[in-house]
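Chemist: take this sequence and fold it.
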Amino acid sequence: NSGSSCEKCDFETDLCEAFHELNLQPGWIRRNGQSGVGPPYSDHNGNDSAYFLSLSSKMGASSATLRTNVFLPTDDEHICQITFHYWISQRSGTLIVGLQKHSEDTITNIWQDSGELQNQWKADTIMINTTEKYEV
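Modeler: Numbers count the residues shown, from 1 in each chain. Below is the predicted model:
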């Protein structure tokens, strides 16, 4: 892939290239602000018909994972940068981003937010640099 290999995932039509349906654990739903589920009532741009992934309130206190497809190793020219928008409501716990390298059985937590600023959209960017294939 020459040049920028940026992919934008907005969940408008599906789960994008990044996620497989199989990687969507029970509890995650694809919805928009008009769905009647509760906040958020729009996406990070204020669009109430735009789609995002949401953790179902029926999940209660349990956790659910969202797993990407396999990414290829990075190098000096290709450091992986992932920017994402997220919303944490008053009821929820902690959003964690983990990295699983293919040589390891464990997932290493590389980012987390437990929502001091709740009920608003926030954005963050994480950088990943690894010499082997990995999932996030």
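Chemist: shaky segments in the chain?
Modeler: By pLDDT under 70, the low-scoring segments of the chain are 1-5, 20-24, 59-61, 90-92, 117.
Chemist: okay, domains of it per the record?
Modeler: Per the TED database, the domain ranges recorded for the chain read 9-61, 70-135.
Chemist: can I get those domains in JSON lines with mean neighbour count?
Modeler: Every C-beta, even on glycine, is put in place using the N, C-alpha and C of the backbone. Converted to JSON lines, the domains of the chain look like this (neighbours: other Cβ atoms under 10 Å):
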{"stretch": "domain 9-61", "mean neighbour count": "14"}
{"stretch": "domain 70-135", "mean neighbour count": "13"}
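Chemist: tell me how far the nearest residue to Glu7 once chain neighbours are set aside lies from Glu104.
Modeler: Nearest residue to Glu7 in three dimensions, chain neighbours excluded: Glu17, at 5.6 Å (Cβ to Cβ, 6 or more residues apart in numbering). To Glu104, Glu17 is 24 Å away according to Cβ to Cβ, to the nearest Å.
Chemist: kindly report the same for Ser63.
Modeler: For Ser63, the distance to Glu104 - Cβ to Cβ - is 20 Å.
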